[in-house]
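>>> what follows is a protein structure lacking sequence information:
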Ligand code: NAP
Ligand code: 3JM
């Protein structure tokens with residue numbers, strides 16, 4: 001494919017946990033990159049990253065960095081996106097933003113390709129990538145939503161530290177080492193770096209992800225509530241979430257309880273999930289088979305198991321949903337949106 005169109009792609013946040021996965025995916029998926037621009041803070045300017053056998057030098061992200069860029073993949077926090085995404089759009093780039101900066105903006109589509117790729121095609125320069133916990137949940141729920149309708153969702157998450165960035169991964173590893181060495185663990189990052197109180201995550205479970213909102217739910221929990229409604233295009237779906245951080249490096253797990261609008265047949269539910277794009281069913285209690293974060297890390301799909309009927313509600317259903325938070329939850333969903341957009345142009 002010598003004369004295939006090639007694109008200038010910018011990765012903003014190139015040194016981060018998500019940005020590094022984006023760079024790997026662009027290479028592994030053979031995305032038609034003509035030029036790769038790697039952008040981060042001034043702290044990283046001058047460092048190099050290998051891409052397709054060549055060293056690419058990281059530059060400081062600035063408003064003028066986006067001249068000639070076709071796709072700008074943002075993953076450097078909400079403040080950076082708010083400041084720089086409008087400049088990328090001004091330069092003619094399509095922005096795919098991984099932060100919460102624009103997700104609830106009515107002018108910005110919030111997209112999971114398996115669920116609502118059509119919305120992406122209506123973009124006005126910016127496409128938002130949902131929160132990692134929302135993405136994997138809606139992938140598993142979409143086939144059930146289409147077939148039966150959804151009344152209500154109650155979800156509890158078991159989230160990996162990589163969702164809080166490279167520094168949270170380092171913190172978990174250092175604390176684990178310290179505790180095993182009989183030393184006092186130091187906590188400076190989790191649950192929320194910018195807040196004053198920190199707790200060790202090693203050998204722990206922290207029921208706080210992101211800041212608290214006035215209603216007693218955290219912002220992460222409210223992302224799941226609001227983003228799910230926007231992606232499904234249904235403001236009536238009731239969602240309640242409890243988001244918990246666990247000492248896992250990569251892979252979010254979720255206990256999802258859903259009340260469907262219509263009676264369902266369990267075998268049909270299983271068949272719908274087996275046929276759903278991007279979903280893999282791993283569910284065999286007789287063989288003790290169910291999705292495990294360790295097995296799902298590094299994979300692009302959403303894995304579903306423990307599919308069972310609720311004992312108290314006739315239309316209630318339980319599932320265990322696992323995916324790699326840095327891949328389908330972030331970098332892969334972003335690169336996948338870009339792949340779908342270029343398919344349209346070919
Ligand atoms: P991370 O490992 O802490 O990396 C942060 C990245 O942002 C680094 O590349 C950093 O560059 C860069 N950065 C920081 N300040 C900057 C600035 N002023 N200008 C330009 N670049 C700057 O975090 P991460 O886990 O990769 O996550 C990054 C962001 O992605 C998060 O803040 C969040 O908004 C979003 N995210 C989304 C999801 C999702 O569910 N879709 C999941 C995880 C993260 P330096 O190395 O130079 O500091
Ligand atoms: C995941 O703006 C920031 O400091 C980033 C906070 C953050 C977010 C967010 O709100 O964009 C950290 C980790 C997310 C996310 O995907 O919502």
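Here it is on my side, so go on. Since the structure is predicted, the reported quantities are computational estimates derived from the model, not experimental observations. Ligands and ions are numbered 1, 2, ... in the order given.

>>> how about residue 297: what's its closest non-neighbour residue?
residue 250 (4.1 Å; Cβ to Cβ, 6 or more residues apart in numbering). Glycine gets a C-beta too; all of them are placed from N, C-alpha and C.

>>> before we move on, what about residue 22?
Among residues not flanking residue 22 along the chain, residue 331 sits closest, at 4.4 Å (Cβ to Cβ, 6+ apart).

>>> list the residues that contact the one you found.
Residues counted as contacts of residue 331 (Cβ atoms under 8 Å, 6 or more residues apart in numbering) are 18, 19, 21, 22, 24, 25, 75, 98.

>>> ok, now with 10 Å
Taking Cβ atoms under 10 Å, 6 or more residues apart in numbering, we find residue 331 in contact with 11, 16-26, 73, 75, 98, 129, 300, 324-325.

>>> what's the burial count for the residue in the stretch 101-250 of the chain that ligand 2 sits nearest to?
At 4.3 Å from ligand 2, residue 131 is the closest residue in the stretch 101-250 of the chain, using Cβ to the nearest ligand atom. Neighbourhood size, residue 131 [other Cβ atoms under 10 Å]: 29.

>>> from residue 238, how far out is the closest residue to residue 149 other than its chain neighbours?
Of all residues not flanking residue 149 in the chain, residue 261 sits nearest, at 3.2 Å (Cβ to Cβ, 6+ apart). According to Cβ to Cβ, to the nearest Å, residue 261 stands 11 Å off from residue 238.

>>> common neighbours of those two, please.
150, 151, 152.

>>> in a strand, the second one, correct?
Going back to what we said before, that points to residue 151. Yes - counting by DSSP: H, G, I helix; E, B strand; the rest coil, one finds residue 151 located in a strand.

>>> nearest spatial neighbour of it, skipping sequence neighbours?
Going by Cβ to Cβ, 6+ apart, residue 151 has residue 259 as its nearest residue, at 4.4 Å.

>>> quick one, what contacts the one you found?
148-154, 238, 310, 313-317.

>>> next one: the host helix or strand of residue 342 to chain centre, how far?
For residue 342, the element it lies in under DSSP states H and E is helix 332-345. With Cα atoms, centre = their mean, to the nearest Å as the basis, helix 332-345 stands 15 Å off its chain's centre.

>>> and ligand 1, is that helix touching that?
No - with Cβ under 6 Å from any ligand atom as the criterion, ligand 1 is not reached by helix 332-345; the gap is at least 7.0 Å.

>>> per-residue confidence averaged over that helix?
The pLDDT scores in helix 332-345 average 95.

>>> helices or strands next to that helix in the packing?
If contacts are counted by 3 or more Cβ pairs under 10 Å, 6 or more residues apart in numbering; DSSP states H and E, helix 332-345 sits against strand 7-12, helix 17-28, strand 71-74, strand 94-97, helix 113-120, strand 126-128, helix 132-148.

>>> give me the helices and strands touching the first one, please.
Using 3+ Cβ pairs under 10 Å, 6+ apart as the contact criterion, the secondary-structure elements in contact with strand 7-12 are helix 17-28, strand 33-40, strand 54-60, strand 71-74, helix 78-90, strand 94-97, helix 332-345.

>>> which parts of the stretch 201-346 of the chain sit against ligand 1?
Near ligand 1, when you scan the stretch 201-346 of the chain using Cβ under 6 Å from any ligand atom, you find 329, 330.

>>> just the strands from the stretch 201-346 of the chain, written as ranges.
With strands called from DSSP state E, counting those that start in this stretch, the stretch 201-346 of the chain shows them at 238-245, 252-260, 279-281, 302-309, 316-323.

>>> how about these in TSV, adding mean pLDDT?
Shown next, in TSV, are the strands of the stretch 201-346 of the chain (pLDDT from 0 to 100):
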stretch	mean pLDDT
strand 238-245	99
strand 252-260	99
strand 279-281	98
strand 302-309	99
strand 316-323	98
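
>>> out of those strands, which one sits most buried?
Most buried of the strands of the stretch 201-346 of the chain by mean neighbour count (mean count of other Cβ atoms under 10 Å) is strand 316-323; its value is a mean of 24.

>>> so what secondary structure elements neighbour that one?
Using 3+ Cβ pairs under 10 Å, 6+ apart, strand 316-323 sits against helix 132-148, strand 150-159, strand 252-260, helix 266-275, strand 279-281, helix 293-296, strand 302-309.
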